[in-house]
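Enquirer: Have a look; sequence and predicted model below, questions after that.
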Amino acid sequence: MLPLVNTLSNFEAIFMALPSIVFQLKVVKNNISFLLINQAVETELELKPISILENPSCFFNLLSESDQDNFRTSIINSSRTLTNWQWEGCFNLPNGKKMWLQGVATHNQVNGDATIFNGILHNVTTYKYADEMLAETGKLTKTGAWELDLATMTPYWSEEVYKIHELDPAIRPDLENALSFYLPEGREIIKEAIAKSMSTGEPWDFELPFITAKGKAIWVRSSGKAKFKNGTTTKLYGVFQDITDRKLAEENLRVIFEFSPDAHLLVGAKGILDCNNAAVNLYGCQSKEELLSFHPAIFSPDCQPDGIYSDVKAKEMDRVAYEKGFHQFEWQHKRLNGELFFVLVTLSLVKINHEQVLLAVLHEITAQKKAEEMIRRNEAMLSETQELTHSGSWESDLVTGKNYWSAEAFRIFGIEPETDGPSTETFGKMIHPDDKELYINEVKQLITTAQVSNFDLRIVLPNGTMKVINAIGKPYLNEKGEVTKIYGAIVDITGRKNAEQELIKAKEQAEQATLAKSQFLSTMSHEIRTPMNAVIGFTNLLLQKNPSPEQLEYLNVLKFSGDNLLVLINDILDFSKIEEGKIEFEMADFSVEDLVNNVRQALLHRANEKGLKLKLIIDKDVADAVVGDQVRLGQILTNLINNAIKFTSKGKVTISAVLESRDHQNTVIDFEIADTGIGIAKDKITSVFERFTQASSDTTRKFGGTGLGLAITKKLIELQGGSIHVESEPGVGSAFKFRLTFKNGSNDLIKNKPRLVQPVSRSLKGVKVLMAEDNEINVMLIKQFMKLWEIEYDIVSNGLEAIAKVQANDYDMIFMDLQMPEMDGYEAASAIRNLDGEKFKLIPIIALTASAMLDIKDKAFEAGMNDYISKPFNPDDLHQKIENYSAAQLHGKREAY
Ligand code: ADP
């Protein structure tokens, strides 16, 4: 080397000034040393040439370990094989920069073991960066480059092209191979494009489906061109890109756009630019083309529901969207067939091809609008109803502790309506202190039993007024069956409660008034009966004392008036008892046949007086015992027969009792009282059963009566479960028919009862009677009759005396007044029954009472009395009672002896 330097000393300056690093190095076995190196090394690597010559490791240390190895092994290899050296490596400079140098050297000399290399190191940093950038960009955009030398048919594929194909870079595919990755259809397209480009030079650019070497389906963009030289194609080259991601995104967008149930429209200045299928369907068009052919205005009615013209309003909506970039509003649209519908429109400002257009998304809300309208209407109706009925609804969430109340619920409680109901605590404070426990218990029970609860509660309003509410609570159960909510209704029942209170008060007052009335009537009757006793009694007595014809006439008038007055008093008393609901029916065994016979017998003389026949038609089956109240049945029959006799002047009155049916439990008997009397006019048929009603205005004058008898009769029948009706023809007669159902009785019981026999004579000589009566007039009257009937009698004026007398004498019967001083009739009767001796148990005791009250009769029976006779007594009745009981007594005595 030295001779060269020496010889070409001028070149030293050139050598040193060369911009590339020029060097000479020597390789001895594995040892490398620099012999020469020019100044450029300092510019490029910031190393002085002398430093490298003295110590080559300062050069190598700038390289990475692999680059160092590469440098060493490649140059040692070249020295061994005596081939040219090629190398590329990256130096890390002390200033932090990277420097790529590409080296080439030729082996010049071999001196023994040493090989000398002359070479040059180029700075390729710029290319390197460009390469790297290209590779990076290729990676990022999944784009690669390819080339096909048509002369040698050698392909060149960049790394990215291999990657997209998922092919091993060692493989060099020919054109046919390369095309086989496309689907058959795409393959043909590319082939055709290549052929065309090779003849015309025209480039191609396609997006095609593609299958990679590993079978993955992707999309690629293939573009390319043929290169010409001197009129012939020398190579094909182009770009290859994996566009799967973009394609997928586009596909997704397309699917979203096409299959969205909401209508999508792109609207530009010239009208509708594009739309999806949903839009076509929404407007009722046949196709997209048809829709696009219309101006958007055709799809709106002239005016919107607010009365503004659609075109004016649409412009305003567009303006807002253009200004703000986004606008949402409700719109009424019109389908092609004219049908109107509501949509929620969302306008978004978008840019397509540098032009600003509006993307309109239409969501149909017709059903929602209808539902909203229905909810609104229902809510309004509910609130109206709640206001009108003063009822509110509420819900209490036991989990969150929140309460919800309807507006009316707030109003009932006198508080301003809010969204939420008042807290449970506030609500609790409004409950009347006395009702708090009830409220708590009801809620507890509702939660534990999960049953509906319904109760009345008093509340105190903030202004102090008290109200009564009816609260109904219903549990709401979760899937575990736990009560998590309670909901229900409250009704303001203050008005109703007040009215109830008023009614109760009124009822109590009315009851008191009725009680006062009946007490008054009872007293009155007693007070009237005593003087009546005297009037009727003495009239009867006078009638028996051979009066003169004139006296007889007056006495008859007096008797008629007296009797009438007595009936009136009894009727009024009975009726007021019935009205009070205090009437009770005795349940004892009796024979209907016997009873009907007795009633007939008692009334026979009346019929005889008027020259009427009193006929009896009786089923023998009705002789069997039934259970019921014979006194009341007797009253009914007496009433009807009395009326029949009263309103008949000639002919007959027929009493019939016919067995309608009998089973093992009940006996049903049809009764009928028919007469041949004056009859009843058709229009009066129903009203005769009303109280104080008579068939004609002159009835009282002609026949007496009060118009109460039938009303009482009807009530008595109905209270025993029966019914009465009348068939009548004026001038021909009337027939009163009623049916009663009795429980079957025991025939043994009635057989043992004293049988009533018909009176045979007016004289009752031989009978011994004790009369207990304190009223002097009555005593006087009784005495007269006793004498008349030749009865042996004793009279005492109180119970104590009666007991004494009964023990000292042997009487056939005792007549016992109920109200007496010292000891009253009840006490005396039970005392007699308690005396030692069989006869005291058997002796008939007949009550004498001025009251027709049923309870008095019952009390008398309870005290051990057998019968009763009302004062003022009818002499015939008294006579009959004495006769009957004396006969029975005789019969009993006989049996006893
Ligand atoms: P009173 O007989 O005291 O007037 P009632 O209630 O017994 O009251 O009868 C009401 C009316 O019905 C009688 O006034 C009479 O006009 C009519 N009436 C009742 N029974 C008969 C009958 N058998 N024949 C004709 N009219 C009768």
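Expert: That came through fine.
Enquirer: In the stretch 651-800 of the chain, what residue spans correspond to strands?
Expert: Using DSSP state E, counting those that start in this stretch, the strands found in the stretch 651-800 of the chain span residues 652-662, 666-675, 723-729, 733-744, 768-772, 792-796.
Enquirer: Residues in a beta bridge with residue 460, which ones?
Expert: Beta bridges link residue 460 to residue 466 when assigned by DSSP bridges.
Enquirer: Distance-wise, check the residue lying closest to residue 521 once chain neighbours are set aside relative to the ligand.
Expert: What sits nearest to residue 521 in space, not counting adjacent residues and going by Cβ to Cβ, 6 or more residues apart in numbering, is residue 576, at 5.3 Å. Just so you know, the C-beta spots here come from the backbone N, C-alpha and C atoms, and that holds for glycine as well. Going from residue 576 to the ligand by Cβ to the nearest ligand atom, to the nearest Å gives 16 Å.
Enquirer: hmm, back to that, the ligand: which of the strands of the stretch 651-800 of the chain is closest?
Expert: With Cβ to the nearest ligand atom as the criterion, the ligand lies closest to strand 733-744 of the strands of the stretch 651-800 of the chain, at 4.1 Å.
Enquirer: which helices and strands sit right next to that closest one?
Expert: strand 625-628, helix 630-646, strand 666-675, strand 723-729 (3 or more Cβ pairs under 8 Å, 6 or more residues apart in numbering; DSSP states H and E).
Enquirer: As a markdown table, those with mean pLDDT, distance to the ligand and mean neighbour count would be great.
Expert: Putting the helices and strands packed on strand 733-744 into a markdown table (pLDDT from 0 to 100; distance: least, Cβ to the nearest ligand atom, whole Å; neighbours: other Cβ atoms under 10 Å) gives the following:
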| stretch | mean pLDDT | distance to the ligand | mean neighbour count |
| --- | --- | --- | --- |
| strand 625-628 | 89 | 22 | 23 |
| helix 630-646 | 89 | 3 | 21 |
| strand 666-675 | 95 | 5 | 20 |
| strand 723-729 | 93 | 7 | 16 |
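Enquirer: related to what we said a few turns ago, and the residue nearest to residue 521, how many neighbours does it have?
Expert: 17 (other Cβ atoms under 10 Å).
Enquirer: sorry, back to before: out of the strands of the stretch 651-800 of the chain, flag the one nearest residue 271.
Expert: Proximity to residue 271 (Cβ to Cβ) singles out strand 723-729 among these, at 90.1 Å.
Enquirer: Now do that closest one against strand 733-744: the angle between them, please.
Expert: Strand 723-729 and strand 733-744 are oriented at 160 degrees to each other (axes from the mean of the first three to the mean of the last three Cα atoms, to 10 degrees).
Enquirer: which residues touch strand 723-729?
Expert: 679-680, 685, 688-689, 713-714, 717-718, 734-739 (Cβ atoms under 8 Å, 6 or more residues apart in numbering).
Enquirer: contacts with the ligand among those residues, please.
Expert: Contacts with the ligand are made by 679-680, 688, 734 out of these, judged by Cβ under 6 Å from any ligand atom.
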